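Asks: Task: produce atomic coordinates for the following.
(2 chains)
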Amino acid sequence: MRPKVLVLKADGTNRDEEMAFAFKIAGGDPKIIHVNELRNGSERMENFQILALPGGFAYGDDIVSGKILAIELTSFFAEELRKFIDRKDTAILGICNGFQVLVRTGLLPFRNVGRMDVTLTNNDSGHFECRWVKVKVNKNSRSKFLRGLEERIIWYPVAHGEGKFFTDNKTLKKIEDNNLVAFRYVDNNGNQTQNYPANPNGSLNAVVGISDETGRILGMMPHPECFVRVEQHPNWRRGKVKVMGLPLFENIVEFVKGVK
Amino acid sequence: MIQKVRVQTIGQQNIKVYRLEGILEKDAKILAEKLLSESINQRYAINRPIHLEGVKAHLRGVAVIEIAYKPGVMNPEVTSIMKAASDLGIKLIACDSSMEYLNKKVSFNPLIEHIVTEEPQTLLIKEKQSQTQIIPIRNLNDKELLDLSKDKLFLNLEEMQTIQKYFQKINRDPTDLELETLAQTWSEHSGHKTFKAKLIVDGKEKEPLIQRIKKEALKHNKNIVSAFEDNSGVMDFYDGFGICGKVETHNAPSAIEPYGGAMTGSGGVFRDIAATGKGAKNIASTDIFCFAPVDLPIEKLPQGCLPPEYLLKRVVAGVRDYGNRMGISTNNGSVHFQEDFRARPTVIVGAYGIVPKKYALKDKPKIGDLIICVGGRTGRDGIHGATFSSGEMTERTIEVHSSAVQIGNAIEEKRMFDALLEARDRDLIRLIQDVGGGGFSSAVGEIGESLGVSVDIKNAPLKYQGLAPWEIWVSESQERMVVVLEEKNLEGFKDLCKKHNVEMAVLGKFDGSKKLNVTFGEEVVGDLDMHFLHKGLPKRILKATSPVILSTAKNLEINEFRDPSLIVQDDKIEEPKTEKEWIEVLKKVLGHGNVCSKEPIVRMYDHSVQGTNDLQPFSGVTLDGPNDSPVLRPFLDKKYGMVISHGLNPILNNIDPYWGSIWAATESLSNFVAVGGDYKEACLINNYIWPFPDEESLWSLDRSVDAVVDFMKVFQIPVISGKDSLSSTYRAANGTIIKIPPTLCMSVFGRILDVDKTVTADFKKVGSTILLVGKTDKSLGGSIYYQVNNLEGNSLPKVDLKLLSEVFTAVNNAITNGKALAVHDVSEGGIISTIFEMCVGGGMGADIHLEGVKAHLRGDQILFNETAGCFIVEVENKKVAERLFKNIPYHILGETKVDQKIEVKNLFKADVNDLKKAWQEPMRRCFK
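Replies: Okay, here's the model as predicted:
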């Protein structure tokens, strides 16, 4: 059985089709659903195992990125979201705009629906950045989706204007102490970096993405869904390029399938 | 009652201001905490100034300046604030957002923004309903007719007289709406009067330009699905799909409000794709700009024109903010600089789409079919855009035409497209029409031409009350489309609009009257005969005269039409003598605006969205080697794809409009071939950006069109779409006239069976052989090498068209067989710049020796040569080269090497990274 994936869409979401494609070739059964379909009851979150929040500019990223959709989710789906994460066979993935939504709903990092503990704010460069970056997977990450990728250095594309991870020192320490950091931006030598453009947004301690402590919720700024075929990498013609986006989706699908 | 919430982000001095109308302070507090600010890095204050920690002492006490959109200018954020407040259970009557600045030197655009000096009492715009006016024209004399037309209708005397006669015949005077409708439909923008005119060229009659293009194009219809009849041209793709392309200019609005102009330009061309047939899906966009050099001395800037650096930055920001939000990858473009673009910049935006062939053509509407408007609401913004863009730029342009300017709201367009594509796939739609230039007047007028329609424009959703019926009718408010469907499909369509939060309203229906019947509620405000509206425009007869004849008539030297100081015989320029001189001039060439790296711009555009881009704008060891064209795979699970490219050279047409245009067309197709495209599987889109067509400019336009027709003949591929923009002349009160350089932009798109059989420009291997493939013409006129020496030259490189198809075929075979390791097209900056860019990508160097190239040519004539249709190709070794290219002209130029130096034997040795600095610096400085 292919696990059912709810790819959530709102006005301005624009990486929904790539996300659905990635889950499809990873063995999932994705369906793109508009948030209005959840609101009018024609679709239900409980019928799915994976909730995927794609990139884009939900509601134009007005006020700040992901804010309006986050408010919509916490206003109408707080209970359903809690039930969804309380099930043990579910997974949530937020990429780029989806990650921005996850932190603004409070699902990441501490699963406090309705309370924000970290933010993703304007890139230090002051503008949108579309480029390939190197990220290193935290070997002790709590995420259940990074098996086999521990300590690997991975190419991913980023494309965002508000990706700077930021929080207070206490929260940062808590996140790091609990190994909620999933990846960090690294330079050509593989070292965590604050230097532009290897760290494309100035994220605190080079944080790329974080998980919750159950490891079933993951948010990240780069786009693994746009690296599921080797030809998506700008240098595939130079050889030695390995597809590094697809394994993440396969891990998610395998994980929810494996939970009894 | 308005609550004012101020939000400050820690570390920033600027403060965001929200005004919330119709709620109490306690509700404002909820919104401030939950929606408008985030306590992690922001603080807020309600109805009081915000405490400014971290503000430098010298700024404390400095007056705060608040900049807001003018009332009536759409602020895209408002809808979102209203929605989120409602989701939080708080009902706002109205809201607005703005910025407070501490810095005294705040730049803002007074066309759309203002300094807030007093607190508004309400944010609602209330105006008295304006009435329809009758305009008495039947008894006007010629001067009065022209006065009526000036600054408003942009019609000439003959056209005004034709309208006068029509109303004399039907015994009444027109309404303002009827006059506006005629002016919109007959504008150069919509009517393409010059392209349809009969031409007298140097005393001889010639077919209208558009006919010449169409006639030749339709001879090569193997891949055409639809050409010249829809909002974009459609060519055959694979598996029952078509791909379509459209390229537009958006010069006039961009000249006075570059950010909004670029946004609405993008928005408009995306709608052209979405309004192709029953709706196509946008998959790529391209952006091509021409400006004056960014370091243009301020005294050279004509009055009423904006500085080029500001234009460049704001246009790029507009493209970025619209395209990125739409989720359409911007993956091809170029920027060109030439001084005369100070008169009016050229902003070219292209969009490409994919459509199932069964939806690629519009159905014919039937009597009883409904006309529905979808998307954004109608406001006063953008009134007279179409007529305005058909006029010349003067120092008064900014004052008179500010209503032609608006800001786009990409999300409005995105959700509308989502809804429309879904409606298309459920077979609900007969046709879609874009609401662009001329507003409803053009959109409804066009689709109703054969049957006749009756519409009640009181049904159109408005942004605010008070618009006169004619204003609703011709408003060019963005993000609106017109959809035609059968009445039985209305409910289904409504549901889909609701799902995507898209507003819609039934405007009217097809009635078989062959008339354009427009009412505003009960009141008849327009009643025009469709035949007169569409066929009544008098056909123009225009004279075109060559500079040779003009100069004889005026007793001038021919060269007096160009700045004589720029003209030089080709042998007058001296070759660099020392290594130092060589490197100096090479750095100037690489640092020229047309050659330098555009990476800082490209990185701000989302070129990875949709995941389809299999050949990205930059590749190579450090991911900064530029490529010629993107290769897209619209379906992620299929091997076939699409190649998009373009070519233009704004300087060459000044020297010779025929060969300059051939150069541009060749360059566009070479870019297509350089990545692996087969030219036989391509279609062309031509855009002519010309000064106002006086006799001389019309002559060069005629030559350019002849060049395009000849180009189609040679390659047997068609132009399937195009546009003209013939008003790029600046006229000052004191009589000064500046014409922009006449520019042909040729765009190419086509299909490719296997995207794996494509190649990038970065050198792949050390020790491989570097070839020059193709036939060079030694002329350097118009080259960057001449330009950095402040010369223009007299003869430009002529492309050998007879040979070119063989060159293209050979290069294509080399790529398809996997024998070409890297290919890069020779273009502005010449052969050496091409090799340099390949070294950058490869992280390598190159040893170059020129003995193999014709012995009688000088080093600079070879290295800076810009003959279009030539390629630098990397192959394994000389034997492979001979096997691949033995039947066409080719030369071995050298070998790649590890050491990152370009060494040209006997001339110079330059460090690639040193050159790279000069090449990257200009745009880095501009966009730092």
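
Asks: for chain B, which spans come out with low pLDDT?
Replies: Along chain B, the parts satisfying pLDDT under 70 run over B:51-62, B:104, B:382, B:384-405, B:552-571, B:854-855.

Asks: Just the buried residues of the longest helix along it, please?
Replies: When chain B is scanned for its longest helix (criterion: DSSP state H), the result is helix B:695-715. By 16 or more other C-beta atoms under 10 Å in any protein chain shown, the buried positions in helix B:695-715 come out as B:695-712, B:715. C-beta coordinates here come from the backbone N, C-alpha and C atoms, glycine included.

Asks: show me what contacts residue 149?
Replies: Reading this off chain A. If you count contacts by C-beta atoms under 8 Å, 6 or more residues apart in numbering or on different chains, residue A:149 has them with A:137, A:244, A:247-248, A:251.

Asks: wait, I meant chain B there
Replies: Residues near residue B:149 by C-beta under 8 Å, 6+ apart: B:155-156, B:159-160, B:183.

Asks: Highest neighbour count among those?
Replies: Using other C-beta atoms under 10 Å in any protein chain shown as the neighbour test, these are led by residue B:155, with 27 neighbours.

Asks: So what does the residue lying closest to residue B:904 once chain neighbours are set aside look like in phi/psi?
Replies: Nearest non-adjacent residue to residue B:904, counting by C-beta to C-beta, 6 or more residues apart in numbering or on different chains: residue B:848, 4.5 Å away. As for residue B:848, its main-chain torsions (degrees, to the nearest 10) stand at phi -120, psi 130.

Asks: so residue B:848 bridges to which residues?
Replies: Beta bridges link residue B:848 to residue B:894, residue B:904 when assigned by DSSP bridges.

Asks: Make a markdown table from the contacts of residue B:149 and add distance to residue A:26 and secondary structure to it.
Replies: As requested, these are exported to a markdown table (distance: C-beta to C-beta, whole Å; DSSP: H, G, I helix; E, B strand; the rest coil):
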| residue | distance to residue A:26 | secondary structure |
| --- | --- | --- |
| B:155 | 61 | coil |
| B:156 | 64 | coil |
| B:159 | 63 | helix |
| B:160 | 66 | helix |
| B:183 | 57 | helix |
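
Asks: Kindly indicate which of the residues you listed lies nearest residue B:800.
Replies: residue B:156 (43.2 Å; C-beta to C-beta).

Asks: What sits closest to the residue of chain B found nearest chain A if chain neighbours are left out?
Replies: Using C-beta to the nearest C-beta, the single residue of chain B nearest to chain A is residue B:327, 2.4 Å away. Distance criterion C-beta to C-beta, 6+ apart; nearest residue to residue B:327, sequence neighbours excluded, is residue A:14 at 2.4 Å.

Asks: any idea how far residue B:43 is from the residue nearest to residue B:16 when sequence neighbours are not counted?
Replies: Nearest non-adjacent residue to residue B:16, counting by C-beta to C-beta, 6+ apart: residue B:7, 4.6 Å away. Distance of residue B:7 to residue B:43, given as C-beta to C-beta, to the nearest Å: 7 Å.

Asks: Name the residues contacting each of those two.
Replies: Counting by C-beta under 8 Å, 6+ apart, the shared contacts of residue B:7 and residue B:43 are B:37, B:50.

Asks: Tell me which other helices or strands the longest helix along chain A touches.
Replies: Ranked by residue count under DSSP H, the longest helix found in chain A is helix A:246-258. Judged by 3 or more C-beta pairs under 8 Å, 6 or more residues apart in numbering or on different chains; DSSP states H and E, the packing partners of helix A:246-258 are helix A:16-25, strand A:50-53, strand A:91-95.

Asks: Can you name the residues in contact with that helix?
Replies: The contact list for helix A:246-258 (C-beta under 8 Å, 6+ apart) reads A:1-3, A:22-23, A:25-28, A:49-50, A:89-91, A:93, A:144-149, A:216, A:224-225, A:227-228.

Asks: out of those residues, which are buried?
Replies: Among the contacts of helix A:246-258, the ones that count as buried by 16+ other C-beta under 10 Å are A:3, A:22-23, A:26, A:28, A:49-50, A:90-91, A:93, A:144-146, A:149, A:216, A:224-225, A:227-228.

Asks: on that earlier part again, neighbour count and pLDDT for the contacts of residue A:149 - can I get that in TSV?
Replies: Shown next, in TSV, are those (neighbours: other C-beta atoms under 10 Å in any protein chain shown; pLDDT from 0 to 100):
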residue	neighbour count	pLDDT
A:137	23	97
A:244	20	95
A:247	21	97
A:248	28	97
A:251	20	97
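
Asks: can I get these in JSON lines with distance to residue B:311?
Replies: Below are the contacts of residue A:149 laid out as JSON lines (distance: C-beta to C-beta, whole Å):
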{"residue": "A:137", "distance to residue B:311": "44"}
{"residue": "A:244", "distance to residue B:311": "40"}
{"residue": "A:247", "distance to residue B:311": "45"}
{"residue": "A:248", "distance to residue B:311": "42"}
{"residue": "A:251", "distance to residue B:311": "48"}
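
Asks: residues in contact with residue B:184?
Replies: Residue B:184 makes contact with B:190, B:386-387, B:437-439, B:441-442, B:445, B:474, according to C-beta under 8 Å, 6+ apart.
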